[in-house]
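[1] got a predicted structure plus its sequence, pasted below:
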Amino acid sequence: MPLDPEVRRVVGTLPTVDWESGPDPAALRAARRRLPGPVPPGLEMHTVEDRTVRAESGACDGDGHGHAVSSGGDDHAVRARESSACDGHGHGHAVRVRCYRPSARSDLPLVLFFHGGGFVLGDLDTQDALARRIARDAEAVVVSVDYRLAPEHPCPAAPDDAFTAYRWALRHAAAELGADPGRIAVCGESAGGNLAAGLCLRARDAGLPLPVLQLLWYPSTDFRDTPSRHENAHAPLLNRAALRWLDAQYLPPALRAEPPAWAAPARAASLHGLPAAYVLVAQYDPLRDEGADYARRLRDAGVPVRFDLCPTMPHGFLSLIGSVPSCAAAAADSFAALRQALWPHTPTAGGLPPAPPTARRSQS
């Protein structure tokens, strides 16, 4: 099937990047920050709060409550707070997160969200609308993670920040966020999907409680060549030249030949014992094959998996769900599956139809 015509029209209005010339990361980030507009109607939150959490340097004592420096009662007032996920002595790197609460309910689950951007682009503001949509549609507290970016902070900075945020969420979901620590899901798009998948591997290996679902939207799971990288060498929103440049910014030379499994989840020796997964890929995406291969390996390892291929979509189409109805339709089942994983006993709560089960289903 051809590329969605409305997607093609919208992409044609976006500025182009000469990836072959070696663009300036700071300029790319500034250009991306200019794209988001005001909060779309229907995505207002009960509260939105910025926090800073810190990496553990020892056993966390669980007392890391923060200080509110500003506050407000409506959606547009973002409160800032600092929390400690460390041993109480302030050691470790600070990770910014933004917490979205869709309602005042005291029994909400939690979703840890990692934005895309090739490990070089993106922040809390560029994906604010998507984080709000996740919170609304899943009826969950969403913690959006502002992980460190390359090239200033190459791998393993981003995976370390993702793991820090997850450990903090496990310890502080109830006390600080009023969320249920027994119902935590992780999700991410593109590079964020890589971080979500790698986090699950690290949590399994560390013996930590696992998420109820890993929702991986067109994830990056490896850094090797695949047929889809050639087939979609000139695809919209992400092309082969962009991938080469982004990968070079993120992976230090010492890691390029054999990146560790938590940086390239597809290279893990075993995927047994990982949480259920929903993997969504796009036909016109250089990363399509590695997402499909990862879903297949998960299924072969006995992990409950749902795999969907969007036949008319490019990489990054979630950034268009607010303006292109077909993009929203392509992602609808994944949002519904996330909600069902978090609310397993109330699949129709909030008036939404039951989501398809997070079970084995494969398309190619």
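    Here it is on my side, so go on.

[2] in stretch 287-300, which residues are buried?
    For stretch 287-300, burial by neighbour count (16 or more other C-beta atoms under 10 Å) applies to Leu287, Arg288, Asp289, Glu290, Gly291, Ala292, Asp293, Tyr294, Ala295, Arg297, Leu298, Arg299. Glycine gets a C-beta too; all of them are placed from N, C-alpha and C.

[3] Glu258: how many residues sit nearby?
    9 (other C-beta atoms under 10 Å).

[4] any idea how far the nearest residue to it once chain neighbours are set aside is from Glu20?
    Of all residues not flanking Glu258 in the chain, Arg267 sits nearest, at 7.6 Å (C-beta to C-beta, 6 or more residues apart in numbering). Relative to Glu20, Arg267 is positioned 28 Å away (C-beta to C-beta, to the nearest Å).

[5] so between these two, which is more surrounded?
    Just comparing Arg267 and Glu20: by other C-beta under 10 Å the higher neighbour count belongs to Arg267, 15 against 10.

[6] tell me who's in contact with that one.
    By C-beta atoms under 8 Å, 6 or more residues apart in numbering, the residues touching Arg267 are Asp222, Glu258, Pro259, Pro260, Ala261.

[7] got a markdown table for these, with secondary structure and pLDDT too?
    Formatted as a markdown table, these follow (DSSP: H, G, I helix; E, B strand; the rest coil; pLDDT from 0 to 100):
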| residue | secondary structure | pLDDT |
| --- | --- | --- |
| Asp222 | coil | 94 |
| Glu258 | coil | 91 |
| Pro259 | coil | 93 |
| Pro260 | coil | 93 |
| Ala261 | coil | 93 |
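
[8] does Gly117 touch Asp125 like I think?
    No. In this structure, Gly117 is not within contact of Asp125 by C-beta atoms under 8 Å, at 12.0 Å.

[9] more neighbours: these two, which one.
    Gly117 (22 against 15).

[10] if you drop the residues flanking it in sequence, what lies closest to the more buried one?
    In space, Gly117 is closest to Ala191, 5.9 Å off (C-beta to C-beta, 6+ apart).

[11] all helices of this protein, in order?
    Here the chain has its helices, by DSSP state H, at 5-11, 25-33, 128-138, 157-177, 191-206, 227-231, 240-250, 253-256, 288-300, 325-342.

[12] go through the ones you listed and name the closest to Val48.
    Closest of the helices of the chain to Val48 is helix 128-138, at 8.2 Å (criterion: C-beta to C-beta).

[13] figure out how far the closest one is from the centre of its chain.
    Chain-centre distance of helix 128-138: 12 Å, with C-alpha atoms, centre = their mean, to the nearest Å.

[14] I would like the residues contacting that helix, please.
    36, 39-40, 42-45, 98, 100-102, 109, 111, 113, 115, 124, 140-142, 144, 185, 187, 189, 318-319, 321-322, 335-336, 338-339, 342, 352.

[15] give me the buried entries from these.
    36, 43, 45, 98, 100-102, 109, 111, 113, 115, 124, 140-142, 144, 185, 187, 189, 318-319, 321-322, 335-336, 338-339, 342, 352.

[16] residue contacts, Ala264?
    Going by C-beta under 8 Å, 6+ apart, Ala264 touches Asn194, Thr221, Asp222, Phe223.

[17] can I get those in a markdown table including neighbour count and distance to Ala179?
    A markdown table is the format used below for the contacts of Ala264 (neighbours: other C-beta atoms under 10 Å; distance: C-beta to C-beta, whole Å):
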| residue | neighbour count | distance to Ala179 |
| --- | --- | --- |
| Asn194 | 33 | 24 |
| Thr221 | 25 | 28 |
| Asp222 | 20 | 32 |
| Phe223 | 21 | 34 |
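
[18] could you check how far Phe163 is from Ala206?
    8 Å.

[19] the two: which has the busier surroundings?
    Phe163 (23 against 10).

[20] Val142 contacts Phe114, correct?
    No. At 11.1 Å, Val142 and Phe114 do not qualify as touching, with contact defined as C-beta under 8 Å.

[21] you'd agree Asp333 is up against Cys310?
    No. The pair Asp333 / Cys310 is not scored as a contact, 10.0 Å apart, by C-beta under 8 Å.

[22] which one's more surrounded, the two?
    A count of neighbours by other C-beta under 10 Å puts Cys310 above the other of Asp333 and Cys310, at 25 against 15.

[23] please tell me how far the closest residue to that one other than its chain neighbours sits from Glu290.
    Nearest residue to Cys310, sequence neighbours excluded (C-beta to C-beta, 6+ apart): Ala330, at 4.4 Å. As judged by C-beta to C-beta, Ala330 and Glu290 stand 19 Å apart.

[24] for burial, what's the neighbour tally of Pro5?
    Pro5, neighbours per other C-beta under 10 Å, totals 10.

[25] state the distance from the nearest residue to Arg224 once chain neighbours are set aside to Asp247.
    Nearest non-adjacent residue to Arg224, counting by C-beta to C-beta, 6+ apart: Glu290, 7.9 Å away. Applying C-beta to C-beta, the value for Glu290 to Asp247 is 12 Å.

[26] equivalent analysis for Gly188, please.
    Gly188 sits at a distance of 17 Å from Asp247 (criterion: C-beta to C-beta).

[27] try Pro109
    34 Å.

[28] can you check Ser103 too?
    40 Å.

[29] next one: Tyr166
    Tyr166 is 24 Å from Asp247, by C-beta to C-beta.

[30] noted, bye for now.
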